[in-house]
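In: Build me a model from this:
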Amino acid sequence: MKSSILINYLINNILPYLYDFFMSVGFRWVIYILLLILNIYVYSQNPKLYTNAKKCYKLNCKIFTFISGMITISLILFGLIILSYVAPFSNYIPDYWYIPIIVLVYAIMIQITLTAKIELEDGTFNPPPENLLSKHYRIIINVFLFILLLIFLTQLYLDNDAESKLNINYNLVLQIFAIITILNNIFELKDVIGFYACDYSLPLSWDF
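Out: Residues are numbered from 1 along each chain as shown. Model prediction:
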């Protein structure tokens with residue numbers, strides 16, 4: 001009897017509160033901001049930015065990493081555009097306010113790429129950059145990033161008013177967006193897990 005009362009209390013009181021918090025505008029934007037910042041950070045932590053070996057599907061690894069990184073960040077920035085319409089954090093912001101942010105993010109990505117100096121295995125002890133995290137921590141951050149992405153996509157999916165705010169087939173767009181972003185993140189996580197410096201002509205000391 002007591003257990004049924006407790007279950008009813010949870011269903012009728014706690015779960016609606018948790019759902020309202022989960023779908024609140026503030027929490028949704030916190031999730032998105034974390035998602036954006038971590039994606040930029042994960043890109044800066046990619047060791048393949050430091051090699052021009054043609055061992056990334058027979059392409060220059062630095063160029064391949066830049067292209068794949070720009071695709072990833074473009075998907076995340078597309079999420080920014082969607083969120084700005086379905087869950088605006090203010091009714092007083094101008095239209096297309098997100099354009100300067102998009103330009104800034106692309107500029108940061110380009111700057112990260114240009115400042116990554118090429119390193120090659122030459123038989124000497126050549127330690128990785130001080131700001132480069134170990135493979136263990138890179139995997140943890142990528143897993144956390146994947147969880148954030150799933151939360152963000154779930155929030156978009158549960159938004160019942162979204163389609164009425166957009167003049168598009170929201171469910172179709174969301175399904176395509178979700179499939180592409182999830183597959184992309186799985187590919188990136190697999191890439192981090194399977195990284196070995198010798199495969200990309202990087203110093204062996206980078207395997208840490």
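In: hey, let's count contacts and neighbours off CA atoms from now on
Out: Noted.
In: name the helices or strands packed onto the top helix by length along the chain?
Out: For the chain, the longest helix by residue count, based on DSSP state H, is helix 61-86. Applying 3 or more C-alpha pairs under 8 Å, 6 or more residues apart in numbering; DSSP states H and E, one finds that helix 61-86 makes contact with helix 25-44, helix 99-115, helix 162-165, helix 170-193.
In: how about a cut-off of 7 Å?
Out: helix 25-44, helix 162-165 (3 or more C-alpha pairs under 7 Å, 6 or more residues apart in numbering; DSSP states H and E).
In: and of those helices, who's closest to residue 109?
Out: Residue 109 lies closest, by C-alpha to C-alpha, to one member of the helices and strands packed on helix 61-86: helix 25-44, at 7.0 Å.
In: List the buried residues for the closest one?
Out: Within helix 25-44, the residues that count as buried by 16 or more other C-alpha atoms under 10 Å are 25, 28, 29, 32, 35, 36, 38, 39, 40, 42, 43, 44.
In: still on that earlier bit, list the buried residues in the longest helix of the chain.
Out: 61-66, 69-70, 72-73, 75-77, 79-84, 86.
In: again with stretch 42-58
Out: For stretch 42-58, by 16+ other C-alpha under 10 Å, it's 42-53, 55-56.
In: end to end, how far does it reach?
Out: With C-alpha to C-alpha, to the nearest Å applied, stretch 42-58 spans 23 Å between its terminal residues.
In: I would like the residues contacting it, please.
Out: Identification of contacts with stretch 42-58 by C-alpha atoms under 7 Å, 6 or more residues apart in numbering yields 60-62, 64-65, 69, 112-113, 116-120, 132-133, 200-202.
In: Mind checking which of the residues you listed are buried?
Out: For these, buried by 16+ other C-alpha under 10 Å: 60-62, 64-65, 69, 112-113, 116, 119-120, 133, 200-202.
In: Tell me which of these has the lowest pLDDT.
Out: pLDDT across these is lowest for residue 120, at 73.
In: What sits closest to it if chain neighbours are left out?
Out: residue 202 (5.0 Å; C-alpha to C-alpha, 6 or more residues apart in numbering).
In: what kind of secondary structure is that neighbour in?
Out: Look at residue 202: counting by DSSP: H, G, I helix; E, B strand; the rest coil, its state is coil.
In: how close does it get to residue 47?
Out: Distance from residue 202 to residue 47, by C-alpha to C-alpha: 8 Å.
In: Then residue 22?
Out: Counting by C-alpha to C-alpha - residue 22 and residue 47 are separated by 35 Å.
In: Repeat that for residue 5.
Out: 55 Å.
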